[in-house]
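S.K.: sharing a sequence plus its predicted fold:
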Amino acid sequence: MEAKIRFTSLENGVSRLPPNGVVSTLQPSSVPFKPTLGRHLARRLVQIGVTDVFSVPGDFNLTLLDHLLAEPELNLIGCCNELNAGYAADGYARARGVGACAVTFTVGGLSVLNAIAGAYSENLPVICIVGGPNSNDYGSNRILHHTICLPDFTQELRCFQTVTCFQAVVNHLDDAYELIDTAISTALKESKPVYISVSCNLPAIPHPTFSRDPVPIALSPRLSNQMSLHAAVEAAAEFLTKAVKPVMVAGPKLRVAAAGKAFIQLADACGYAVAVMPSAKGLVPEHHPHFLGTYWGAVSTAFCAEIVDSADAYIFAGPVFNDYSSVGYSLLFKKDKSIVVQPDRVVIGNGPAFGCVLMRDFLTALAGRLDRNTTAFENYRRIYIPEGVPLKCDPYEALRVNVLFQHIQKMLSGETAVIAETGDSWFNCQKLKLPPGCGYEFQMHYGSIGWSVGATLGYAQAVPEKRVIACIGDGSFQVTAQDISTMLRCRQNPIIFLINNGGYTIEVEIHDGPYNVIKNWNYTALVDAIDNREGNSWTTKVRCEEELVAAIATAEGAKKECLCLIEVIVHKDDTSKELLEWGSRVSAANSRSPNPCRLCVD
């Protein structure tokens, strides 16, 4: 019997591996199992929920790609370049819980490396498969193509060691089974990318370890230490009971801890006001009755920061405090008033700390120990003033970005998902109110421009029942535009709002210079050329609200089955007020003077 790891749904419509590693069985495939390394790897991918692998061919991985293609439950999706294949695997992993890409040795591996580093920073299990040199060439002192002209083939491996949690170099059949299974199971357990290199002459060779039906991958459940859990809950309950107006703040590691439901269970029980850090948007249902919005320091949702900063106790579940999320290290909350809950650790104030405590267990147990306290949310209700609406446009007035996002808000439903590119789209999309079931993804920590094109491809492939709405700046689009081609080949139907303001606006607000101005493209003509009259795309340029309304109506109506690119022409200085504030604070953090030399001070 072959098997498949079961996936469970989260509140935001995204799926991921269950924390207890439960396995459910499938009926044997009607296609006989071929006892080769390539077929074993393909079956393993299918078993963990990967049905699409994003690839770029090269001579070292061609035989391996043949065997991936031979697996009837696996689709091989050819991308235009390796970077986008990695970004697509990233987007796919956000929706499915795990993703995979396959490239060739060194020229492919080093090209995909940036995307794998981003997946590592975002705690995404991505299986990066590389077709490697012939097994006979290892240790032969030969120089091969696709290398840096040295007989040492370990450069690629050494690069991947820093951005993956496990590396498997498969150049012998005897240990191939063990290496592949260890790599895949480690990716799932650690929720990080792994690297698997397979020598190009091995995928088609049978071996006794592959001759039987593969034993299902079953992950040992991660358990809390019960004594530590009990102590952490008691200490937290005592800490919070003394507070007058405590609040809860969700962070991005809520995803990797699979603790979304436990977080809401605690919020329902205790009645605390609930906020999210910017990189956790979409992980907590925004229709929750005590939801405040995004806690992002000076650029927080209106009245959210005032409530969080003035609280006398905070529970941060899975936070990441970096210079971006802290707006240049300007957050006002006090560490001694906080309980920081990481996926397997709890720290209360400046101490004590409790290890071997899983976040979901801690939040669930704490829900039964706290008295209900709605003071912070009641304070929010007292001071809250509804947000204003953008000034009404005059007929055929030049379109403003705030008007654009007012209309994007109306497009959202449980059948859509938002992909926000690095740039002003971060800030404008943060202000969108997500209806139940609406997906939301962006790459907050790594912030690699161009990520959203590949991520849109991967997310749309993983969740075809949702229509992806991607918001991308013109500068970012120019980095990775090629894989619009792959979206069209896959008959995907995202709506891409390409916001054309003539440059890298987010960089302008941090530090301006001539390098932030880019060559303007005819973006709609580019996509039309990529489609090449096949009728799988629809494009238009809009310059005013009237044209925008008509374009959205067409994209949601007559062209709902097409990839739709709506190029939005806006003024180069039309930015959100949040970007202006955030940019100035990040600029100040970046330009701090060096600390004085201790020798000079002495």
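M.R.: That came through, no problem.

S.K.: so, low pLDDT: which residues of the stretch 501-602 of the chain?
M.R.: Applying pLDDT under 70 to the stretch 501-602 of the chain flags the ranges 503-512, 515-516, 576-577, 579-580, 582-583, 585-587, 597-602.

S.K.: just the strands in it please.
M.R.: 537-542, 563-569 (DSSP state E, counting those that start in this stretch).

S.K.: out of those strands, which gets nearest to residue 348?
M.R.: Between residue 348 and the strands of the stretch 501-602 of the chain, the shortest gap by Cβ to Cβ is with strand 563-569, which sits at 47.4 Å. C-beta: built from backbone N, CA, C; applies to glycine.

S.K.: can you say which of the strands of the stretch 501-602 of the chain is nearest to residue 185?
M.R.: Of all those, it is strand 563-569 that lies closest to residue 185, at 36.4 Å by Cβ to Cβ.

S.K.: what sits against the residue nearest to residue 543 when sequence neighbours are not counted?
M.R.: Using Cβ to Cβ, 6 or more residues apart in numbering and skipping the chain neighbours, the partner closest in space to residue 543 is residue 569 (4.8 Å). Shown in contact with residue 569 (Cβ atoms under 8 Å, 6 or more residues apart in numbering): 399, 500, 541, 542, 543.

S.K.: so which of the residues you listed is surrounded by the most neighbours?
M.R.: Comparing the contacts of residue 569 by number of neighbours (other Cβ atoms under 10 Å), residue 399 comes first, having 22 neighbours.

S.K.: that one touches residue 549, doesn't it?
M.R.: No. Residue 399 lies out of contact with residue 549 (Cβ atoms under 8 Å); the separation is 10.5 Å.

S.K.: thinking again about what came up before, can you tell me which of the strands of the stretch 501-602 of the chain is nearest to residue 191?
M.R.: Of all those, it is strand 563-569 that lies closest to residue 191, at 30.9 Å by Cβ to Cβ.

S.K.: strands paired with the closest one, and their directions?
M.R.: Counting by DSSP bridges, the strands paired with strand 563-569 are strand 495-500 (parallel), strand 537-542 (parallel).

S.K.: tell me the most buried of the ones you listed?
M.R.: Mean neighbour count (mean count of other Cβ atoms under 10 Å) peaks for strand 495-500 among those, with a mean of 25.

S.K.: for this structure, what are the low-confidence residue spans?
M.R.: Using pLDDT under 70, the chain drops low at 1-34, 211-215, 503-512, 515-516, 576-577, 579-580, 582-583, 585-587, 597-602.

S.K.: do you know how far residue 269 is from residue 486?
M.R.: Computed as Cβ to Cβ, to the nearest Å, the residue 269 to residue 486 distance reads 46 Å.

S.K.: between these two, which is the more surrounded one?
M.R.: Using other Cβ under 10 Å, the more surrounded residue of residue 269 and residue 486 is residue 486, with 23 against 17.

S.K.: now that one, what's its secondary structure?
M.R.: Assigned by DSSP: H, G, I helix; E, B strand; the rest coil, the conformation of residue 486 is helix.

S.K.: check contacts around the residue nearest to residue 39 when sequence neighbours are not counted.
M.R.: Nearest non-adjacent residue to residue 39, counting by Cβ to Cβ, 6+ apart: residue 67, 5.5 Å away. Listed by Cβ under 8 Å, 6+ apart, the contact partners of residue 67 are 36, 37, 38, 39, 41, 42, 203, 204.

S.K.: OK, contacts around residue 420?
M.R.: Here residue 420 is in contact with 426, 429, 430, 440, 441, 442, 452, 470, 471 (Cβ under 8 Å, 6+ apart).

S.K.: please identify which helix or strand holds the second one.
M.R.: For residue 429, the enclosing helix or strand under DSSP states H and E is helix 424-430.

S.K.: only C-alpha atoms, please: export that helix in PDB.
M.R.: Provided in PDB are the C-alpha atoms of helix 424-430 (Å, rounded to 0.1, in the frame of the first residue of the first chain):
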ATOM      1  CA  ASP A 424       4.300  50.300  -1.500                       C
ATOM      2  CA  SER A 425       2.000  47.300  -2.200                       C
ATOM      3  CA  TRP A 426       3.100  46.000   1.300                       C
ATOM      4  CA  PHE A 427       1.500  49.000   2.900                       C
ATOM      5  CA  ASN A 428      -1.500  49.400   0.700                       C
ATOM      6  CA  CYS A 429      -2.300  45.600   0.900                       C
ATOM      7  CA  GLN A 430      -1.900  45.700   4.700                       C
END
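
S.K.: okay, buried residues for stretch 129-149 please.
M.R.: Within stretch 129-149, the residues scored as buried using 16 or more other Cβ atoms under 10 Å are 129, 130, 131, 132, 133, 135, 137, 138, 144, 146, 147.

S.K.: can you list the residues that contact that stretch?
M.R.: Stretch 129-149 is contacted from outside by 41, 53, 58, 60-65, 100-109, 150-151, 153, 155-156, 169-172, 195-202, using Cβ under 8 Å, 6+ apart.

S.K.: so how far is it from its chain's centroid?
M.R.: 33 Å (Cα atoms, centre = their mean, to the nearest Å).

S.K.: alpha carbons of that stretch, as PDB, please.
M.R.: Extracted in PDB, the C-alpha atoms of stretch 129-149 (Å, rounded to 0.1, in the frame of the first residue of the first chain):
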ATOM      1  CA  ILE A 129      16.400  19.000  -6.300                       C
ATOM      2  CA  VAL A 130      19.500  19.400  -8.400                       C
ATOM      3  CA  GLY A 131      20.800  17.100 -11.200                       C
ATOM      4  CA  GLY A 132      24.400  16.600 -10.300                       C
ATOM      5  CA  PRO A 133      27.500  15.300 -12.200                       C
ATOM      6  CA  ASN A 134      28.000  11.700 -13.100                       C
ATOM      7  CA  SER A 135      28.900   9.700 -10.000                       C
ATOM      8  CA  ASN A 136      32.200   8.600 -11.600                       C
ATOM      9  CA  ASP A 137      33.400  12.200 -11.800                       C
ATOM     10  CA  TYR A 138      33.400  12.700  -8.000                       C
ATOM     11  CA  GLY A 139      37.000  12.500  -6.800                       C
ATOM     12  CA  SER A 140      38.300  12.000 -10.400                       C
ATOM     13  CA  ASN A 141      40.200  15.300 -10.500                       C
ATOM     14  CA  ARG A 142      38.400  16.100 -13.700                       C
ATOM     15  CA  ILE A 143      37.100  19.600 -14.600                       C
ATOM     16  CA  LEU A 144      33.400  19.700 -15.700                       C
ATOM     17  CA  HIS A 145      31.300  22.300 -17.500                       C
ATOM     18  CA  HIS A 146      28.700  24.200 -15.400                       C
ATOM     19  CA  THR A 147      31.400  24.500 -12.700                       C
ATOM     20  CA  ILE A 148      33.900  27.200 -11.700                       C
ATOM     21  CA  CYS A 149      36.600  25.400 -13.600                       C
END
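
S.K.: helices of the stretch 401-550 of the chain, start to end?
M.R.: Assigned by DSSP state H, counting those that start in this stretch, the stretch 401-550 of the chain shows helices spanning 401-411, 424-430, 451-462, 474-480, 484-489, 505-510, 523-531, 545-556.

S.K.: likewise for the stretch 151-300 of the chain?
M.R.: All helices of the stretch 151-300 of the chain, identified by DSSP H, counting those that start in this stretch, fall at 155-161, 176-190, 226-241, 260-270.

S.K.: do you know which of the ones you listed lies nearest residue 216?
M.R.: Residue 216 lies closest, by Cβ to Cβ, to one member of the helices of the stretch 151-300 of the chain: helix 176-190, at 10.5 Å.

S.K.: packing partners for the closest one?
M.R.: Under the contact definition 3 or more Cβ pairs under 8 Å, 6 or more residues apart in numbering; DSSP states H and E, helix 176-190 sits against helix 37-47, strand 126-132, strand 167-170, strand 194-199.
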